[in-house]
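[1] This is the structure alone, sequence omitted:
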């Protein structure tokens, strides 16, 4: 397993990991039209724009040359946290085959270190209110629940929870 900075050439693989992991975990919750509308928002151009923005940072995990997970940091857009010296963990996704391998921990440790290098003192994220596995993972890193936030998948509104940790 290798954890390394993402390159522009990794963006199609990152998109595939995102779509596969999101659908494997959550597709059963949504009307297919809502799921399709949500996924349609993730285009090659939007991935490229974030990748090119210096306020964002991507890291990938690969096995045998195949990207099996990634993490993305960026500017905070979440409520319930004080502004300033704060980064948002935007996405952390792994393919099923990479779950339980330690990759999530490796990516998370990189994200915490990267946030500190960028001058952040805190990190925020959102997680679905019923994703107990993810919540337990973030709890181990000292994240605390700060309150609800709506997360739209097409016309379907989920309740996510905003979590925050001191770095």
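    Cool, the structure landed. This structure is a prediction, so every number in the text was calculated from the model and none was measured.
[2] drop to CA atoms for contacts and neighbour counts, all remaining ones
    OK.
[3] Doesn't residue 145 belong to a strand?
    Yes. Under DSSP: H, G, I helix; E, B strand; the rest coil, residue 145 sits within a strand.
[4] i'd like the first residue to be 34 from this point on
    That works, and once the first residue is 34, the last one we named lands at residue 178.
[5] Need the per-residue pLDDT for it.
    Looking at residue 178, its pLDDT reads 96.
[6] tell me the contacts of the closest residue to it other than its chain neighbours?
    Sequence neighbours aside, residue 196 is the residue nearest to residue 178 in space, at 4.4 Å (criterion: C-alpha to C-alpha, 6 or more residues apart in numbering). Applying C-alpha atoms under 8 Å, 6 or more residues apart in numbering to residue 196 gives the contacts 157, 158, 159, 160, 176, 177, 178, 179, 180.
[7] got it, and residue 144?
    Neighbours of residue 144 in contact, by C-alpha under 8 Å, 6+ apart: 104, 106, 122.
[8] in what helix or strand does the residue most central in space within the chain lie?
    Nearest to the geometric centre of the chain sits residue 124, at 0.9 Å (C-alpha atoms, centre = their mean). If you go by DSSP states H and E, residue 124 is part of strand 119-127.
[9] Which positions in the next helix or strand along the chain from that strand come out as buried?
    The helix or strand immediately downstream of strand 119-127 is helix 136-150, counting by DSSP H and E. Of all the residues in helix 136-150, those buried under the rule 16 or more other C-alpha atoms under 10 Å are 136, 137, 140, 141, 143, 144, 145, 148, 149.
[10] Skip the chain neighbours and tell me the closest residue to the fourth one.
    Among residues not flanking residue 141 along the chain, residue 104 sits closest, at 7.6 Å (C-alpha to C-alpha, 6+ apart).
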